[in-house]
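Participant: how would this look folded up:
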Amino acid sequence: MAHSLSAKKRMRQNAKNRALNKARKSQIKTQVRAFTDAIASGDKSKATETARAAIKKVDQVAAKGSIHKNTASRRKSRLQKTLNALLAKA
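Facilitator: Numbering: from 1, shown residues only. Have a look, this model is predicted:
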């Protein structure tokens, strides 16, 4: 357990930031899950729309620093690659 005031404050800040990061990552997972469901249904317009929303959310979370910019780039690339494969099928 922390004894100094600065260590106690740092613990409070870490707890708050950990909760924020967890919530942001959960939002990404929710958006990606919606995209995956749209891909599974084969609906191109819905897949395009949900991909755009997921990519936007990944960018927002990376801008806040909750995930690394390269991680965000990799996730966006994978989303776009999946979308392109669906669009190229027909």
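
Participant: Could you list the low-pLDDT ranges of the chain?
Facilitator: Applying pLDDT under 70 to the chain flags the ranges 90.

Participant: what's the spacing between the residue minimising distance to the centre of the chain and residue 67?
Facilitator: Nearest to the geometric centre of the chain sits residue 28, at 2.8 Å (CA atoms, centre = their mean). Distance, residue 28 to residue 67, by CB to CB, to the nearest Å: 8 Å. Quick note: C-beta positions are derived from backbone N, CA and C, even for glycine.

Participant: which residues does residue 50 contact?
Facilitator: 31, 34, 35, 38 (CB atoms under 8 Å, 6 or more residues apart in numbering).

Participant: what's the neighbour count on the last one?
Facilitator: Just to be clear, that refers to residue 38. 21 (other CB atoms under 10 Å).

Participant: Quick one: name whatever helix or strand follows the longest helix along the chain.
Facilitator: Longest helix in the chain by number of residues (criterion: DSSP state H): helix 5-41. Downstream of helix 5-41, the next assigned helix or strand under DSSP states H and E is helix 44-64.

Participant: relative to helix 5-41, how tilted is that next one?
Facilitator: 170 degrees (axes from the mean of the first three to the mean of the last three CA atoms, to 10 degrees).

Participant: Quick check: buried residues in helix 44-64?
Facilitator: Neighbour counts using 16 or more other CB atoms under 10 Å place 47, 50, 51, 54, 55, 57, 58, 61, 62 of helix 44-64 among the buried residues.

Participant: Quick check: the first one touching residue 86?
Facilitator: Yes. Assessed by CB atoms under 8 Å, residue 47 is found in contact with residue 86 at 5.8 Å.

Participant: where do the contact lists of those two overlap?
Facilitator: residue 39.

Participant: circling back: closest one to residue 78 out of the contacts of residue 50, please.
Facilitator: Nearest to residue 78 among the contacts of residue 50: residue 35, at 10.4 Å, using CB to CB.

Participant: Give the closest residue to that closest one in space, chain neighbours not counted.
Facilitator: Closest residue to residue 35 apart from its sequence neighbours, by CB to CB, 6 or more residues apart in numbering: residue 50 at 4.3 Å.

Participant: check contacts around residue 28.
Facilitator: Counting by CB under 8 Å, 6+ apart, residue 28 has contacts 54, 57, 58, 61, 67, 75.
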